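> With the sequence up front, the predicted model follows.
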Amino acid sequence: MLRLPTFTYHRPRSAVEAVRLLREHGREAMYVAGGTDLYPNMKRRQQTPTQVISLQDVPDLHGVEVLADGRVSIGAMVKLSALERHPHLLRHCPGFAHAVREISTPLLRNMGTIGGNLLLDTRCTYYDQTHEWRESIDFCMKKDGAICWVAPASPRCWAVQSSDTVPVVCAMEAEVELVGSGGARTLRAGELYRDDGIQYLTKEAEELLTKLVLPAPGAWRASYVKLRRRDTYDFPVLGVGACLWFDGGGVVTKANVRLGGVGSYAIPAAETEKLLVGKRLTDEVIAAAGAAALKSARTMDNTDQDVYWRKKVAPVFVARAIAACR
């Protein structure tokens with residue numbers, strides 16, 4: 001049985017207090033939301049904080065609010081199970097609600113939070129193992145080692161972003177709010193991530209993600225489709241988030257397509273996006289747009305299933321995500 005290491009557990013009552021605690025303890029401290037990612041990582045000694053700062057008693061992080069301008073503000077501690085069945089989201093943001101429903105199992109969605117899923121640790125075949133297994137290969141670049149076993153000659157880590165919600169919120173151009181010692185700041189969801197398996201977030205270490213803000217209903221449609229081995233549980237080995245904007249005649253005026261599970265951030269399918277703009281979503285356009293995503297799907301041997309097959313099916317899943325917006 002894998003056991004948690006010893007740590008001190010803090011329960012601040014405000015975001016300001018949580019940030020103060022993390023600044024006080026520095027690298028020894030980490031925030032915990034639902035714990036479905038952090039605690040297993042601690043058991044495997046991938047992350048080893050001696051000070052764990054719980055966010056469950058911070059009241060401002062638990063609400064869902066429809067703002068006056070139609071946008072939806074979601075506190076970082078809102079449970080995934082609440083979001084997947086939220087009436088407003090099911091009606092106005094069904095693509096986002098579907099992405100939430102694709103996460104793990106009902107049990108874990110009842111523990112996990114939207115903030116935790118947005119900040120999910122990057123994953124890799126050589127990293128997501130027990131301490132003894134990783135020690136037997138002299139560890140890896142992401143934790144305790146010097147080599148990325150996916151690409152041994154590479155100077156960087158290639159662990160992949162495997163959140164189900166990240167591709168779709170980036171495609172929707174949702175916003176996130178971060179609170180640090182200097183106050184609060186807001187940025188687009190896509191600006192929260194960088195293409196690096198270790199330093200995969202742009203937020204400062206002390207900053208606390210407090211809310212996700214989804215755009216107001218309008219002439220846009222979003223969708224999410226997912227490839228995984230077991231349809232009831234697994235992380236995505238490919239997750240496609242798409243958001244398309246239309247004019248009154250059904251012509252695409254703007255397109256965002258993001259590929260998760262194939263890189264350290266949700267990769268924009270730039271050629272697909274260019275091909276879609278100015279066109280109606282006919283079967284021929286959808287097929288061509290899916291095929292254009294082949295180059296963006298830079299799959300590597302760091303997650304489940306055959307790397308070459310995953311790359312070949314990427315255009316199929318991109319086409320399905322686009323068709324779901326029609």
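Structure's in. What do you need?
> Tell me how many other residues crowd residue 232.
Burial of residue 232, expressed as a neighbour count using other C-beta atoms under 10 Å, amounts to 8. C-beta here means a position set from N, CA and C on the backbone, and glycine is covered the same way.
> close enough to count as contact, it and residue 104?
No. Contact status for residue 232 versus residue 104: not in contact, 9.0 Å apart, counting by C-beta atoms under 8 Å.
> Residue 291 and residue 315 touch, don't they?
Yes. In terms of C-beta under 8 Å, residue 291 counts as a neighbour of residue 315; the distance is 4.9 Å.
> Out of those two, name the residue with the larger neighbour count.
Here residue 291 and residue 315 are compared on neighbour count by other C-beta under 10 Å; more neighbours surround residue 315, at 22 against 17.
> Can you tell me the element that one falls in?
Mapping residue 315 onto the secondary structure by DSSP states H and E places it in helix 307-324.
> Also residue 166?
In this assignment (DSSP H and E), residue 166 forms part of helix 165-171.
> buried set for the next helix-or-strand element following that helix?
Along the chain past helix 165-171, the next helix or strand (assigned with DSSP H and E) turns out to be strand 175-180. For strand 175-180, burial by neighbour count (16 or more other C-beta atoms under 10 Å) applies to 175, 176, 177, 178, 179, 180.
> Tell me which other helices or strands whichever helix or strand comes after strand 175-180 touches.
Elements were assigned by DSSP H and E; along the chain past strand 175-180, the next helix or strand is strand 183-188. Using 3 or more C-beta pairs under 8 Å, 6 or more residues apart in numbering; DSSP states H and E, the elements in contact with strand 183-188 are strand 175-180.
> Contacts only, for residue 268.
256, 257, 258, 259, 296 (C-beta atoms under 8 Å, 6 or more residues apart in numbering).
> could you measure the residue lying farthest from the centre of the chain against residue 282, distance?
With C-alpha atoms, centre = their mean as the measure, the chain has its most outlying C-alpha, relative to the mean C-alpha position, at residue 249: 33.0 Å. Here the distance between residue 249 and residue 282 works out to 13 Å (C-beta to C-beta, to the nearest Å).
> do residue 224 as well
Applying C-beta to C-beta, the value for residue 224 to residue 282 is 22 Å.
> So between these two, which is more surrounded?
Neighbours per residue, other C-beta under 10 Å: of residue 224 and residue 282, the larger number sits with residue 224, 29 against 10.
> May I have the secondary structure class of the more buried one?
In three-state terms, and counting by DSSP: H, G, I helix; E, B strand; the rest coil, residue 224 is strand.
> Bridged to it, which residues?
Using DSSP bridges, the bridge partners assigned to residue 224 are residue 241.
> list the contacts for it?
With C-beta under 8 Å, 6+ apart, residue 224 has these contacts: 95-96, 98-99, 102, 164, 167-168, 239-242, 321.
> again, but for residue 320
Contacts here follow C-beta under 8 Å, 6+ apart; on that basis residue 320 touches 225, 240, 290.
> quick check, nearest of the residues you listed to residue 265?
Among the contacts of residue 320, residue 240 lies closest to residue 265 (C-beta to C-beta), at 14.2 Å.
> what's that closest one in contact with, if anything?
By C-beta under 8 Å, 6+ apart, the contact list for residue 240 reads 167, 224-226, 257-260, 314, 317-318, 320-321.
> Of these, just say which sits nearest to residue 217.
residue 224 (17.5 Å).
> So the closest one versus residue 238, what's the distance?
11 Å.
> Touching the helix holding residue 166 from outside, list them.
For helix 165-171, the surrounding residues in contact (C-beta under 8 Å, 6+ apart) are 95-96, 99-100, 103, 114, 117-118, 120, 188-190, 193, 212, 214, 222-224, 239-243, 256-260, 266.
> can you tell me which of the residues you listed are in strands?
With strands identified by DSSP state E, the entries of those that belong to them are 188, 212, 214, 222-224, 239-243, 256-260.
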